[in-house]
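K.L.:
Give me a 3D structure for the following:
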Amino acid sequence: FEGVKHEILHKIWALHKEDSLHDLNEIRQLDHVKFYKPLVYRVQEVPYGVNFFGKILLDEKGNTVHARVFRPAERTGPVKFHAIHNRVQEEGGAIFSKDEEIAYFES
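P.N.:
Below is the predicted model:
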């Protein structure tokens, strides 16, 4: 997840911007990104490569995001950022607690 750190942090920034413009409350629980610490990841092998679903700790309060990255089969290309898991607002938006399990997601 270090190879896609910039893209993940940029997506967090974009979600903050959308929150302030449209009052979406998808990532507002997060005051600031204090650090970027991948905690755990899960692997999904697919015919064309590997999907990685990771939990990334962002602050001392235990706020995390769940990110999805993809590595092509046989390492034929670089690891690519796919998405941050973004639930509906009532379920917490894009911010998860440190204890919440990683689950499969599209976007």
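
K.L.:
hey, where'd the helices end up in the chain?
P.N.:
In the chain, the segments counted as helices under DSSP state H are 5-22.

K.L.:
got the residue ranges for the strands in it?
P.N.:
Taking DSSP state E as the criterion, the chain contains strands spanning 37-46, 49-57, 64-72, 80-84.

K.L.:
How far does the longest one sit from its chain's centre?
P.N.:
To tie it back to what came earlier, the one meant is strand 37-46. A distance of 11 Å separates the C-alpha centroid of strand 37-46 from that of its chain, computed with CA atoms, centre = their mean, to the nearest Å.

K.L.:
Buried ones in it, by neighbour count?
P.N.:
Buried residues in strand 37-46, counting neighbours by 16 or more other CB atoms under 10 Å, are found at 38, 41. To be clear about C-beta, it is placed using only N, CA and C from the backbone, and glycine gets the same treatment.

K.L.:
Could you check how many residues crowd around His22?
P.N.:
Counted with other CB atoms under 10 Å, residues neighbouring His22 total 9.

K.L.:
contacting residues for Pro72?
P.N.:
Residues counted as contacts of Pro72 (CB atoms under 8 Å, 6 or more residues apart in numbering) are 48-49.

K.L.:
quick one: it from Gly3, how far?
P.N.:
In this view, Pro72 and Gly3 are 13 Å apart by CB to CB, to the nearest Å.
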